[in-house]
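> What shape does this take:
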Amino acid sequence: MTDITLQSTLIDNTLMQDKALALLSAFFSTVAIVLVIVGLYGVLSYGVTQRTREIGIRLALGARPLRVVGLVVSQIGLLTLIGSMIGLAGALSGSKYFTAYFTTLLYEVKPADVRNLVAPPTGLIVAAAIAGLVPALRAMRVSPTTALRYK
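Numbering: from 1, shown residues only. Purely as a prediction, here's the structure:
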């Protein structure tokens, strides 16, 4: 009896690689989410900037500013919803492939689990709404005369 270790230490040593892989996956998924939000903000900001003249015309003709913001955000939300539904269909069709080849890595994860299928599109829609709201509010604050001269 020369090599005595606690059972909890043996379990921790056995699970260390899995815990490190889970931590690394969580880090890279967080970085990916941040990149998606920054990318969405950039694209949506550019799109709203391109529509500044249209927004100025709408405001000059008497549209309420919040109505214009709602129009821009609803269009962004609709496009994001369509993209999310396409991604969801792809996830459902590819789930059989992942189940067949990665069953040892995915412990007690079902291919059609509602939480795993609803959370990413919901997060993406919320991120797109927030990313589109900021440029729309900025464009709303521009005076109509300045917006009409904008190219």
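> Low-confidence ranges, the protein, go.
Confidence mapping of the chain against pLDDT under 70 gives the ranges 1, 99-109, 111, 150-151.
> With just CA atoms, put the helix or strand hosting Glu54 into CSV.
Glu54 belongs to helix 52-60 when assigned by DSSP states H and E. Once non-C-alpha atoms are left out, helix 52-60 reads as follows in CSV (Å, rounded to 0.1, in the frame of the first residue of the first chain):
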residue,chain,number,x,y,z
THR,A,52,-31.0,57.5,-43.5
ARG,A,53,-32.4,59.4,-46.5
GLU,A,54,-35.6,57.3,-46.5
ILE,A,55,-36.0,57.8,-42.8
GLY,A,56,-35.5,61.5,-43.2
ILE,A,57,-38.2,61.6,-45.9
ARG,A,58,-40.6,59.7,-43.7
LEU,A,59,-39.9,62.0,-40.8
ALA,A,60,-40.3,65.1,-43.0
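> which ones are touching Leu79?
When contacts are counted by C-beta atoms under 8 Å, 6 or more residues apart in numbering, Leu79 touches Ala128. Every C-beta, even on glycine, is put in place using the N, C-alpha and C of the backbone.
> All further residue positions should be reported with the first residue as 59.
Okay, using 59 as the starting number, the last item reads as Leu137.
> Starting from the helix or strand hosting it, tell me the next helix or strand along the chain.
Leu137 belongs to helix 123-159 when assigned by DSSP H and E. On the C-terminal side of helix 123-159, the nearest following helix or strand under DSSP H and E is helix 172-199.
> now for that following helix, which elements pack on it?
Using 3 or more C-beta pairs under 8 Å, 6 or more residues apart in numbering; DSSP states H and E as the contact definition, the elements that helix 172-199 packs against are helix 65-108, helix 110-118, helix 123-159.
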